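Peer 1: return atomic coordinates for the entry below.
(one chain, ligands or ions: 2)
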Amino acid sequence: MSPSAITPPPSSPTTSSPTFKILIPEPLSEEGLTLLRSSTHEVTYHPKTTPETLASLLPSYHALIIRSETKVTASLLSPDISPNLRVIARAGVGVDNINVEAATKRGIIVVNSPHGNIAAAAEHTIALLLATARNVGRADAGMKTGKWERSKLVGVEVGGKTLGIIGLGKVGMKVARMATGLGMKVLGLDPYASPEIARSAGVKLIGGGGMEELLKEVDFLTVHTPLLASTADMIGEKELRLMKRTARVLNVARGGVYNEAALLKALEEGWIAGAGIDVYTQEPVKFDEESTAARLARHPKVVATPHLGASTVEAQENVSMDVCTQVLEILRGGMPTAAVNAPLILPEEYRRLEPFVKLIERMASLYTQHFARKKPNRLGGRRFELTYHGALASVPPPSTRPLTAALIKGLLSSISSHAGRDVNIVNASLIARERGIAIDEKFVRDNDTTTSTSGSGGEGGQVTLRSLLTSKEGNEDEQEQEQVIEGVVTSNDIFISKLDRFAGANFQPEGTLLVLRNYDRPGKIGGVGMVVGRHGINIRFMQVAGLSNSGGGGGGGGGTKRREGEEVREKGKGEEDSKEALMILGVEGDVTEEVVRELTSQEGILDVSLVRL
Ligand SMILES: NC(=O)c1ccc[n+]([C@@H]2O[C@H](COP(=O)([O-])OP(=O)(O)OC[C@H]3O[C@@H](n4cnc5c(N)ncnc54)[C@H](O)[C@@H]3O)[C@@H](O)[C@H]2O)c1
Ligand SMILES: O=C(O)[C@H](O)COP(=O)(O)O
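Peer 2: Ligands and ions are numbered 1, 2, ... in the order given. I've put the predicted structure just below:
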């Protein structure tokens, strides 16, 4: 995945391997732990951390990997308790134990493993279905205490019976397919389910408002929705009273989708025949407190398991690898594959956007370091326009959020005044709004620009970053009114093709660059070479860009405009000397302030920017 997509280490060069701190306060499969330990990061694995210990540990951690028992509350997510937290990873599906809204406000990415334990959860549902139908729990408990009970434990068959499934998502659909395989008739209720997919799995989808119809008809009921405000207590007394007295219910979703008190009453008073329960409103269930959850778990008509839906070797390996991979990716500035609080970007779509993300981030960082270095606070009050040409314009992506997030990140990464927060896909637009940075995007389908990316195999393209002042301030330099950078993606590389009024050079935006604006006269290159050589700095490459014909913004083009102080230095030179050029040097070595000062004082050098990308 991306080497440099969204969240950089704090003020560290992109080439180094930073060390972050990762905390795992719950059991996690060894595969992911091994992956984490093979990285440069510091991994703390304390699988039995109490909430109090968690609060005391969190301040120094950048990543938190949890399962269902750790409650990540708004207070744990306050900046004083978790100031460094960048990512919360849920090694599983349900994120109802994480205050996702509080995380989003702080730009903390929440990721999960949406597929890793689906088969396990569906199989466990079927296990509870059969166990409930055939009294497997009670029979086993009896045998353990020496009881040979047969007549008391006569069960029912599931073949030919009707199963109602509320929530036809990943787990629900898998349960449906398994149930039809057992010869069951399946009714489904899910306002968002696709009728075609349901039909293909042999499910009869009940239309909106069909809950009553479904409850009256089913012999078994299973719920597979997430726990949300809209699904909490979805099956309560009213619903349970509608069911057949012989019906059995299953919960492998979340404690709370059935009202536990109503369920207990239904079992005690015989409105239904039994239940298979894996999840509870109180976890772990406190048996000594005789809570409703404990009474349900102990009830003779209940087959109870202690939240084992995802507890298979295979599922735990899957979720562990899924989230650990994502955590490492996020910590190195890349994109997660399953972020809960970021737009869904399919891996193939992200692969397509990745070089553009990298290009735009570098263009924006170049912008800040070249144009705004003397007045970084001037980023606010500017409008940034991203114009996409070529492949991105011909087939626009479903979401450009990675691109605009890369813009904000690039603009702000070289100045550390964005309230200590990392910029990422989750919080980029919020940070931009706070800083008064406006962003526009345009797609231009012009054949000319695609030809400029020849060799790109159709996946290349050009991006123009144009920055405009939203309000003209009294003493604003005319050259600051509109500033332009153009960049190009070819199949393998990214280049800057135009910087301000200067084009004709194609340089790779990486490493340390010296950008010198000079009068286009002989001898300049030699003078610059002497200065950097004297300071032991190697020149990796050198490119010269001339004034572009179009002018391209930057104060109206033409190239004859001088900035304050320039005329004094150039006094006495002829008019032909005033034509400007841009020299871009890729350098290696310690470029100090002194080097920049010396270069600036060279005759005919108008301006020097030191850019680190
Ligand atoms: N017991 C376990 O160990 C275990 C393991 C895995 C998943 N789960 C739980 O299973 C649940 C489902 O997981 P999933 O991966 O299938 O999720 P999913 O997002 O793929 O599916 C959820 C489905 O619920 C539907 N839904 C939402 N509100 C609804 C409503 N009011 N009425 C009917 N349908 C509604 C959605 O449209 C969606 O199709 C989650 O709560 C998850 O935490 C539990
Ligand atoms: O939502 C889930 O993925 C399951 O409930 C699994 O929870 P667990 O990771 O605590 O087993």
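Peer 1: and the residue in the stretch 101-250 of the chain positioned nearest to ligand 1, what does it touch?
Peer 2: Proximity to ligand 1, evaluated over the stretch 101-250 of the chain using C-beta to the nearest ligand atom, is greatest for Gly169 at 1.7 Å. Placement of C-beta: from N, CA and C, glycine included. By C-beta atoms under 8 Å, 6 or more residues apart in numbering, the residues touching Gly169 are Asp190, Ala193, His224, Thr225.
Peer 1: ok, now Leu346?
Peer 2: Not one residue lies near Leu346 by C-beta under 8 Å, 6+ apart.
Peer 1: over to Ala201?
Peer 2: Going by C-beta under 8 Å, 6+ apart, Ala201 touches Met173, Ala176, Arg177, Thr180, Val186.
Peer 1: among the residues you listed, which lie within helices?
Peer 2: Among those, the members falling in helices (DSSP state H) are Met173, Ala176, Arg177, Thr180.
Peer 1: any idea how far Tyr280 is from the residue of the stretch 101-250 of the chain closest to ligand 1?
Peer 2: As judged by C-beta to C-beta, to the nearest Å, Gly169 and Tyr280 stand 21 Å apart.
Peer 1: now do the helix or strand harbouring Leu163, average pLDDT.
Peer 2: Here Leu163, judged by DSSP states H and E, is contained in strand 162-166. Strand 162-166 shows a mean pLDDT of 98.
Peer 1: same question, stretch 189-209
Peer 2: In this model, stretch 189-209 has an average pLDDT of 89.
Peer 1: now swap in stretch 592-608 and tell me
Peer 2: The pLDDT scores in stretch 592-608 average 91.
Peer 1: so which residues on the stretch 251-400 of the chain come close to ligand 2?
Peer 2: By C-beta under 6 Å from any ligand atom, the residues of the stretch 251-400 of the chain that approach ligand 2 are His307, Gly309, Ala310, Ser311.
Peer 1: any of these buried? List them.
Peer 2: Buried residues within those, counting neighbours by 16 or more other C-beta atoms under 10 Å: His307, Gly309, Ala310, Ser311.
Peer 1: okay, the third one and Arg597: tell me how far apart.
Peer 2: From Ala310 over to Arg597 the distance is 62 Å, taken as C-beta to C-beta.
Peer 1: with the first one instead?
Peer 2: Using C-beta to C-beta, one obtains 65 Å as the distance from His307 to Arg597.
Peer 1: sorry, back to before: which of the contacts of Gly169 sits closest to Leu250?
Peer 2: His224 (9.3 Å; C-beta to C-beta).
Peer 1: mind checking pLDDT for that closest one?
Peer 2: We have a pLDDT of 98 for His224.
Peer 1: wait, what's in contact with it?
Peer 2: Contacts for His224 (C-beta under 8 Å, 6+ apart) come out as Thr125, Ile165, Ile166, Gly167, Leu168, Gly169, Val171, Gly172, Val175, Val252, Ala253.
Peer 1: doesn't Val203 make contact with Leu168?
Peer 2: Yes. Assessed by C-beta atoms under 8 Å, Leu168 is found in contact with Val203 at 6.7 Å.
Peer 1: which residues are common contacts for these two?
Peer 2: The overlap between the contact sets of Leu168 and Val203 (C-beta under 8 Å, 6+ apart) consists of Ala176, Gly188.
Peer 1: what residue ranges in the stretch 201-350 of the chain score low on pLDDT?
Peer 2: Along the stretch 201-350 of the chain, segments meeting pLDDT under 70 span 343-345, 347.
Peer 1: what is the biggest helix by length in the chain packed up against?
Peer 2: Across the chain, the longest stretch assigned as helix under DSSP H is helix 347-370. Counting contacts by 3 or more C-beta pairs under 8 Å, 6 or more residues apart in numbering; DSSP states H and E, helix 347-370 is packed against strand 382-390, helix 401-413, strand 461-469, strand 482-489, strand 494-499, strand 605-612.
Peer 1: figure out which of the ones you listed is closest to His535.
Peer 2: When those are compared (using C-beta to C-beta), the closest one is strand 605-612, at 12.6 Å.
Peer 1: buried set for that closest one?
Peer 2: Those would be Ile605, Leu606, Val608, Ser609, Leu610, Val611, for strand 605-612 by 16+ other C-beta under 10 Å.
Peer 1: likewise for stretch 68-77?
Peer 2: Ser68, Glu69, Thr70, Val72, Leu76, Leu77.
Peer 1: quick check: closest non-adjacent residue to the first one.
Peer 2: Same thing as Ser68. Sequence neighbours aside, Asn97 is the residue nearest to Ser68 in space, at 5.7 Å (criterion: C-beta to C-beta, 6 or more residues apart in numbering).
Peer 1: which residues does that neighbour contact?
Peer 2: Here Asn97 is in contact with Ile66, Ser68, Glu69, Thr70, Lys71, Val72, Arg90 (criterion: C-beta under 8 Å, 6+ apart).
Peer 1: could you rerun that using 7 Å?
Peer 2: Listed by C-beta atoms under 7 Å, 6 or more residues apart in numbering, the contact partners of Asn97 are Ser68, Thr70, Lys71, Val72.
Peer 1: would you list the phi and psi of it?
Peer 2: When read as degrees, to the nearest 10, the backbone of Asn97 gives phi -90, psi 10.
Peer 1: offset the numbering so it begins at 26, please.
Peer 2: Got it, first residue is 26 now, which makes that one Asn122.
Peer 1: name every strand pairing with the helix or strand containing Val569 and say which way it goes.
Peer 2: In this structure, Val569 sits in strand 563-572 according to DSSP H and E. Its sheet considered, strand 563-572 pairs with strand 527-532 (antiparallel), strand 605-613 (antiparallel) by DSSP bridges.
Peer 1: for whichever residue of the chain sits closest to ligand 2, the count of nearby residues, please.
Peer 2: For the chain and ligand 2, the shortest gap (C-beta to the nearest ligand atom) falls at Gly117, measuring 2.5 Å. For Gly117, the number of neighbouring residues by other C-beta atoms under 10 Å comes to 27.
Peer 1: would you check how far apart it and ligand 1 are?
Peer 2: Distance, Gly117 to ligand 1, by C-beta to the nearest ligand atom, to the nearest Å: 6 Å.
Peer 1: ok, that residue - contacts?
Peer 2: By C-beta under 7 Å, 6+ apart, the contact list for Gly117 reads Arg92, Ser93, Asn137, Ser138, Asn142, Ala335, Val344.
Peer 1: quick one: which of the residues you listed is nearest His395?
Peer 2: Of these, the one sitting nearest to His395 (C-beta to C-beta) turns out to be Asn137, at 40.2 Å.
Peer 1: pretty sure that closest one sits against Ala363.
Peer 2: Yes. Using C-beta atoms under 7 Å, Asn137 is in contact with Ala363, at 5.7 Å.
Peer 1: the more surrounded of the two?
Peer 2: Between Asn137 and Ala363, counted using other C-beta under 10 Å, Asn137 has the larger neighbour count: 23 against 19.
Peer 1: how about the nearest residue to the more buried one once chain neighbours are set aside: which residues does it bridge to?
Peer 2: Take Asn137 and drop its neighbours on the chain: the residue closest to it by C-beta to C-beta, 6+ apart is Arg115, 4.2 Å away. On the basis of DSSP bridges, Arg115 is bridged to Ile91, Asn137.
Peer 1: you'd agree Arg115 is up against Ile91?
Peer 2: Yes. Using C-beta under 7 Å, Arg115 is in contact with Ile91, at 6.1 Å.
Peer 1: who has more neighbours, those two?
Peer 2: Arg115 (28 against 24).
Peer 1: could you list every residue that touches the more buried one?
Peer 2: Ile91, Ile123, Asn137, Val348.
Peer 1: and the pLDDT at it?
Peer 2: So Arg115 comes in at 98 (pLDDT).
Peer 1: go on, the one 10 residues further on?
Peer 2: In the predicted model, Val125 carries a pLDDT score of 91.
Peer 1: next: the one 3 residues further on.
Peer 2: The confidence metric pLDDT takes the value 91 at Ala128.
Peer 1: wait, doesn't it sit right on Val135?
Peer 2: Yes. Using C-beta under 7 Å, Ala128 is in contact with Val135, at 5.1 Å.
Peer 1: all good on my end, thank you.
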